[in-house]
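K.L.:
model the following, please.
(one chain, ligands or ions: 1)
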Amino acid sequence: MRTKFVLFMTILLLAAAFVNAQDQGQPAPPAAGSDQQAAPAPGDKHDHPAAKEKRFVATTGSDGIQHVEITGGEYYFDPNYIVVKVNVPVELSAKKAPGYVPHDIIVKAPEAGIDFEVALKKEPQVIKFTPTRVGKYEMLCGKKLLFFKSHKDRGMDGVIEVVP
Ligand SMILES: [Cu+2]
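P.N.:
Below is the predicted model of the structure:
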């Protein structure tokens, strides 16, 4: 039994180190302890480089609301650049792409009437706010696992731009 456990942990740590090295393009730091969550989900790839901008310009619907849909996954937001009009209500429908990695979406811009932190689920959740100040505000995923780079640094980062 003990041998099997040691073998299992070795594989787990090797897998974690491999993915981390692949991700950062440099030698992996020493794997820390026995946290089994360190094993990334299979198929964990970078299909969506952070540099690639996916812009969505909201229009106001007949209901007077700017409807925006966003999906978060490994490791991206789609769209990752959202343009909304100031002083027009926004309904942001946020959902998580299939996968085991937990994600959230956070915008902390209370000065602009945008202040939320929501854990993403497979089912869309509607986040309502009315932007009150023109400007660019960061949205990000706040997740980070052990010695891995944060989801934000891996590409779960974006902008909500409020325009006149
Ligand atoms: Cu995330």
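K.L.:
check contacts around R133.
P.N.:
Neighbour list for R133: 86, 109, 111-113, 162 [criterion: C-beta atoms under 8 Å, 6 or more residues apart in numbering]. The way it works is simple: take the backbone N, C-alpha and C, and place the C-beta from them, glycine included.
K.L.:
just the element for it, please.
P.N.:
For R133, there is no host helix or strand (DSSP states H and E).
K.L.:
who in the chain is up against the ion?
P.N.:
103, 141, 143, 151, 156 (C-beta under 5 Å from the ion).
K.L.:
which pLDDT value goes with the fourth one?
P.N.:
It refers to H151. Confidence at H151, expressed as pLDDT, is 97.
K.L.:
how about it, nearest residue that isn't a chain neighbour?
P.N.:
In space, and not counting its chain neighbours, H151 is closest to C141: 4.0 Å by C-beta to C-beta, 6 or more residues apart in numbering.
K.L.:
farthest-separated two in the residues of the chain next to the ion?
P.N.:
Pairwise distances across those (C-beta to C-beta) peak at 7.6 Å, for the pair K143 and M156.
K.L.:
what do those two both touch?
P.N.:
Common neighbours of K143 and M156, using C-beta under 8 Å, 6+ apart, are H103.
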